[in-house]
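> no letters, just coordinates:
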C-alpha cells in the first residue's frame, strides 16, 4: 500500500520537527549557559513545566527532555539564586555623592563597569538614589511601568 504524498509530507514534517526537539531539553534550549553546572539544588519550575508539557503531549520526547535537562544540569537554577531572581543579573553598588551626580558622571561610571561606551540622551533615562542595591529591581519595575504608560498614551493620542 502506497502512502499519499500529503501523508508522506506530514510524516516527514512531524519526524523532522519532533526528533531534534526530543534530543534537547527545554533547559538546554532556554539556558545553554547552565550546561555542565553542578547537578542538584533548586529546580527551575519554568523548565520543569515546559518539559512536563512535552511529557503530556508527546510521552517519549518529554521523557527524553527531562533526562537531558537533568543530565546536563540545565533544569537546576544557578547556585545561590532562586525564583525570579535567577533571571536577573547580579548588581554592583556604586556610591556617588549627590553633588557629583550628572549625566556625564553616569556615562563615565557605566562605561567603566561595562567596558563599552555609554551615551545617555537627555530624556531617555532617569536616575534614582537608592538606600540599598536590593531596591533596584523594585524601582526599575516602577519606572518601566511609568515609561510604558507614557509611551502608550503618546501612541494612542498622537
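Received, thanks. No experiment lies behind these values; they were computed from the predicted model shown.
> okay, now the unreliable bits of the protein?
Applying pLDDT under 70 to the chain flags residues 1-3, 17-24, 79-88, 147-158.
> could you pull out the helices for this protein?
In the chain, the helices defined using DSSP state H lie at 5-22, 26-30, 45-57, 59-72, 103-114, 136-157.
> thought residue 136 was touching residue 130?
Yes. Assessed by CB atoms under 8 Å, residue 136 is found in contact with residue 130 at 6.1 Å. No exception for glycine: its C-beta is placed from N, CA and C like everyone else's.
> quick revisit: winner for burial among the helices of the chain?
Among the helices of the chain, ranked by average contacts under mean count of other CB atoms under 10 Å, first place goes to helix 26-30 (a mean of 20).
> contacting residues around it?
Counting by CB atoms under 8 Å, 6 or more residues apart in numbering, the neighbours of helix 26-30 from elsewhere in the structure are 34-35, 44, 46-47, 50-51, 54, 65, 68-69, 72, 74-75.
> how does it look with 7 Å?
Residues outside helix 26-30 that contact it (CB atoms under 7 Å, 6 or more residues apart in numbering) are 34, 35, 44, 47, 50, 51, 65, 68, 69, 72, 74, 75.
> distance of the fourth one from residue 89?
Same thing as residue 47. 19 Å (CB to CB, to the nearest Å).
> residue contacts, residue 39?
Residue 39 touches 73, 76, counting by CB under 7 Å, 6+ apart.
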